[in-house]
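Peer 1: with the input below, show me the fold.
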Amino acid sequence: MLAAPFLFAGSCSKKPEVPQVAGARLTSIEAGSVFDRLGLKPNDLIIEVNGKPMDTMEAARDLDRASKVDDHLELKVMRGNETLKFEYKIK
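Peer 2: This is a model prediction of the structure:
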């Protein structure tokens, strides 16, 4: 005897879409870098640094290279669907 086919009654919704946000996507984190000390992870998307948009990976690299002792950084980062804020004073 064959089982009756499963019938679905109701609506089917799409998976919620992740908003497209401009930023600098981190593909890897160099040990000892500012991003490493901040606790950032590969695949994090840096959206802002000190209130300024961070829209390219080159801008993120420039920030890492230019950061020096006593600089204060405030970053807004997307990790998955979550927006995180990081604050750090470089030591």
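
Peer 1: ok, which stretches of the chain are strands?
Peer 2: 24-25, 45-49, 52-53, 72-79, 82-89 (DSSP state E).

Peer 1: now the first one: mean pLDDT?
Peer 2: Think strand 24-25. In this model, strand 24-25 carries a mean pLDDT of 86.

Peer 1: check the second one too.
Peer 2: For strand 45-49, the mean pLDDT works out to 89.

Peer 1: now it against strand 82-89, angle please.
Peer 2: 50 degrees (axes from the mean of the first three to the mean of the last three Cα atoms, to 10 degrees).

Peer 1: so what strands line up beside strand 45-49?
Peer 2: Each strand paired with strand 45-49, and its direction, by DSSP bridges: strand 24-25 (antiparallel), strand 52-53 (antiparallel), strand 72-79 (antiparallel).

Peer 1: what about the nearest residue to L73 once chain neighbours are set aside, distance to N81?
Peer 2: In space, L73 comes closest to Y88 once its chain neighbours are excluded; the distance is 4.9 Å by Cβ to Cβ, 6 or more residues apart in numbering. Using the backbone N, CA and C atoms, a C-beta is placed for each residue, glycine as well. From Y88 over to N81 the distance is 23 Å, taken as Cβ to Cβ, to the nearest Å.

Peer 1: neighbour-wise, which of those two wins?
Peer 2: When neighbours are counted by other Cβ atoms under 10 Å, Y88 and N81 differ, and Y88 comes out ahead with 16 against 8.
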